[in-house]
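1. just a sequence and a predicted model for now, questions to come.
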Amino acid sequence: MANEYIDLDTLKYFLYDVHQLGNVLNADRFKDHDVQSLDMFLDAVKEFSDRELFPYIKEMDEQPAYHKDGKVYVHPQVAVMMRKGGEMGLIAGTFDTDIGGLQLPMMMYTASAFIQDAANNHLPGYVGLTLGSAELIVHFANTTLRDTYVPKMLSGEWGGTMCLTEPQAGSSLSDIVTKAVPTDDEYYTITGQKIFISGGDHEYADNFVHLVLARIEGAPAGTKGISLFVVPKKRPDTIGNLTTNDVTTVADFQKVGQRGYCTTHLGFGDSGDCRGWLVGEANQGLKYMFLMMNGARIAVGRGAAAIATAAYHASLQYANERPQGRKLASDGKKNLEQNQTLIIKHPDVRRMLYQQKVVAEGSLSLVLLASKYYDLKETLTDKAEKNKYALLLELIIPMVKTYPSEMGIQSVSNGLQVLGGYGFCSDFILQQYYRDIRIFSIYEGTTGIQSQDLLGRKLLLENGKALELLTYEITQTIEEASKFSELQKYAVALGEKLKLAQKVIKFLLQYAKKGDFERFLADATPFMEFLSTITMAWIWLDIATHSKNCTVGGQMKYAEDFYESKIHAMKFFYTYELPKTAGLAEILMNEEVLTIASEKEVRL
């Protein structure tokens, strides 16, 4: 097993220098923080992850969560994650100080959670979902519900979940049938089932607070009739005693990966006595849930980036230790009298490692950028600036969730390939990372859903204002990069890709203008890959420009080869990844329609 799972210097470089956390700290909300104190917090999270998370990742895969006699049993380290996570502020980090939070910037919370995800992606979800459900209660529920549930959730004593999906509905939330019937008291009776509920039950929390989407009896059909309810596994009385609330754990899904992170099937009201309390207003449940979704999708992108990062470091270590074969001589032959060379000397192995590096590090930078936009939209006082960063965040969020997830799978696959046959064996962790990362393109809306959101909604926000803002940001980086002769040709290449993007978008929009939305969105997933690749080229040019500024200006916190490695990685991305957009553009602007079902159906 690898000795290290992240490069802390790279994380801190992106956080403090490239994305300039210090500027975000100027907001009044963060006045009690400075870079030095937050850096100490980050180091503490790394030390905690080294000790309590990383050593258990293989064991949690080998001893998966399981269901027996109506209960879910998980690895004992979940107890450490819940309690220590509560004590360290890993659940309450972004919450207001007056309810026990740390008022951390989203950027810092994301960086700290990235470390945990890379160390052991099976554990952070337990506290992450507790944070998300507590956030919904804080933002939208009444004072009674906040006071009853949130303190014990933030301490890690009680877990939290979000219950959306149902067996017959899947991702189509308009088809959910879980029912809420009003009573003469303040609660509703809840009946229904929810599936794929991550962290839905285990023995290391005293209670679980489920945030459940349900339809009040008589509510409108579709998404307009969905409400949000607090439905605890055990309901507390006025003096804090807990009694069963008719929430049953029907099963735990056995999965390909993330086997230590339980995924449950929950039943509500099988005995007719499940009580739920309305959050906010009736029929606004989906709106409330989706107001929290940007944070959830940043978390998914972060988790995928973290697994890709851990896999990169594991395969890099192996390549530095594994001797095999010999370098070719100038006549194209091998000198068998020479000692075997380390595989990291072989060009094809280096190509695969560089691909891992540009996906993992580029994804981390993208996730931190989204977190910065999140902080700015929440804390800036100027309305125009707030709207600017809100629009930028909305546009990139589908890519933040999707690129690390989809390209992370390819990246980890390359890492497995670096190990050859050993990569396919359970003795080495690459096969586990490959299984673990596969779910991330499904979490919080599949790639197809994210792609339709990007093309069908986000691209057209405020008549294209969001795209205009992103284009301006990219253009600013092109101008900065052009100041350095070494970066000029890459700046030109990115400028040309921007023009290509405009051409592709213009072609696709003609179908939307005609009202042919099925054709407009038919190739949304190839468009996601196309625009994400161009966006990542911008991310890497920005990293390289900052790195060049450091080496030329002599303002180097790290060794010179650290910065040179970032510039080299940018060059690799532009050589091996960015050219793929030409083929994608050809697909997107092809007028032949092959995937839309027609009256004369072609057999699949």
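-> Cool, got the structure.
2. tell me how the protein divides into domains.
-> In the domain annotation for the chain, the residue ranges read 32-291, 293-326+339-588 (automatic domain parsing).
3. could those domains go into CSV alongside mean neighbour count?
-> For glycine as for every other residue, the C-beta is placed from the backbone atoms N, C-alpha and C. Putting the domains of the chain into CSV (neighbours: other CB atoms under 10 Å) gives the following:
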stretch, mean neighbour count
domain 32-291, 19
domain 293-326+339-588, 20
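4. mind putting those domains into TSV with mean pLDDT and distance to residue 3?
-> Compiled in TSV, the domains of the chain are given as follows (pLDDT from 0 to 100; distance: least, CB to CB, whole Å):
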stretch	mean pLDDT	distance to residue 3
domain 32-291	94	10
domain 293-326+339-588	96	7
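5. distance to residue 597 for these - can I get that in CSV?
-> CSV is the format used below for these (distance: least, CB to CB, whole Å):
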stretch, distance to residue 597
domain 32-291, 18
domain 293-326+339-588, 9
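6. could you point out which of those domains sits nearest residue 26?
-> Across the domains of the chain, residue 26 has its closest neighbour in domain 293-326+339-588 (8.7 Å, CB to CB).
7. could you pull out the helices in the stretch 301-450 of the chain for me?
-> Here the stretch 301-450 of the chain has its helices, by DSSP state H, counting those that start in this stretch, at 347-379, 383-418, 430-437, 447-456.
8. select, out of the domains of the chain, the one closest to residue 4.
-> Shortest separation from residue 4 across these is recorded for domain 293-326+339-588, at 5.4 Å, computed as CB to CB.
9. now the end-to-end length of the closest one.
-> Taking CA to CA, to the nearest Å as the measure, domain 293-326+339-588 stretches 29 Å from start to finish.
10. next: stretch 6-15.
-> With CA to CA as the measure, the first residue of stretch 6-15 is 14 Å from its last.
11. contacts for that stretch?
-> If you take CB atoms under 8 Å, 6 or more residues apart in numbering as the criterion, stretch 6-15 is touched by 21, 39, 42, 46, 107-108, 111, 114-115, 118-119, 306, 309-310, 313, 361, 364-365, 368, 543, 557-558, 562.
12. list the buried ones in it?
-> Of the residues in stretch 6-15, 6, 7, 10, 11, 12, 13, 14, 15 count as buried by neighbour count, 16 or more other CB atoms under 10 Å.
13. I'd like the next helix or strand past the helix or strand hosting the third one.
-> What it means is residue 10. Of the helices and strands defined by DSSP states H and E, residue 10 is found in helix 8-12. Secondary structure here is assigned by DSSP H and E; on that basis, the next helix or strand after helix 8-12 toward the C-terminus is helix 21-24.
14. and that next one, what does it pack against?
-> If contacts are counted by 3 or more CB pairs under 8 Å, 6 or more residues apart in numbering; DSSP states H and E, helix 21-24 sits against helix 35-52, helix 106-119, helix 347-379.
15. what is the mean pLDDT for it?
-> Averaged across helix 21-24, the pLDDT comes to 96.
16. does residue 202 count as helix, strand or coil?
-> Of the three states, residue 202 takes coil under DSSP: H, G, I helix; E, B strand; the rest coil.
17. my understanding was that it contacts residue 76; is that so?
-> No: counting by CB atoms under 8 Å, residue 202 does not reach residue 76; the two are 10.3 Å apart.
18. where do the strands of the stretch 101-250 of the chain begin and end?
-> Secondary structure of the stretch 101-250 of the chain, counting by DSSP state E, counting those that start in this stretch: strands at 158-163, 179-182, 188-198, 207-216, 226-232, 234-236, 242-244, 247-252.
19. each with direction, which strands does the second one pair with?
-> Pointing back at strand 179-182 there. In the sheet containing strand 179-182, the strands it pairs with under DSSP bridges are strand 188-198 (antiparallel), strand 207-216 (parallel).
20. cool, the last one as well?
-> Each strand paired with strand 247-252, and its direction, by DSSP bridges: strand 263-268 (antiparallel).
21. what comes into contact with the partner strand?
-> 65, 67, 72, 163, 178, 190-201, 210, 212, 231, 246-253, 255, 274, 276.
22. helices or strands up against the helix or strand that contains residue 472?
-> Of the helices and strands defined by DSSP H and E, residue 472 is found in helix 465-481. Counting by 3+ CB pairs under 8 Å, 6+ apart, the packing neighbours recorded for helix 465-481 are helix 383-418, helix 488-513, helix 524-553.
23. okay, the angle between that helix and helix 347-379?
-> For helix 465-481 against helix 347-379, the angle by axes from the mean of the first three to the mean of the last three CA atoms, to 10 degrees is 120 degrees.
24. quick one, helix 465-481 and helix 488-513 angle?
-> Orientation note: helix 465-481 sits at an angle of 170 degrees relative to helix 488-513 (the same axes, to 10 degrees).
25. residues contacting helix 465-481, please?
-> Under the criterion CB under 8 Å, 6+ apart, external residues in contact with helix 465-481 comprise 388, 391-392, 394-396, 458-459, 461, 487-488, 490-491, 494-495, 498, 505, 535, 538, 541-542, 544-545, 548.
26. same thing with stretch 240-253?
-> By CB under 8 Å, 6+ apart, the surrounding residues in contact with stretch 240-253 are 65-67, 70-72, 193, 195-196, 200-201, 206-208, 210, 231-237, 262-275.
27. would you mind writing the CA trace of that stretch as PDB?
-> Provided in PDB are the C-alpha atoms of stretch 240-253 (Å, rounded to 0.1, in the frame of the first residue of the first chain):
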ATOM      1  CA  GLY A 240     -35.100  14.500  25.300                       C
ATOM      2  CA  ASN A 241     -36.100  10.800  25.700                       C
ATOM      3  CA  LEU A 242     -36.100   8.900  22.400                       C
ATOM      4  CA  THR A 243     -38.900   6.600  21.200                       C
ATOM      5  CA  THR A 244     -39.100   4.600  18.000                       C
ATOM      6  CA  ASN A 245     -40.600   6.500  15.100                       C
ATOM      7  CA  ASP A 246     -41.600   3.500  12.800                       C
ATOM      8  CA  VAL A 247     -38.600   3.900  10.500                       C
ATOM      9  CA  THR A 248     -37.300   0.500   9.500                       C
ATOM     10  CA  THR A 249     -34.000  -0.400   7.700                       C
ATOM     11  CA  VAL A 250     -35.200  -2.900   5.100                       C
ATOM     12  CA  ALA A 251     -31.700  -3.700   3.600                       C
ATOM     13  CA  ASP A 252     -28.200  -2.500   2.900                       C
ATOM     14  CA  PHE A 253     -27.200  -2.500  -0.700                       C
END
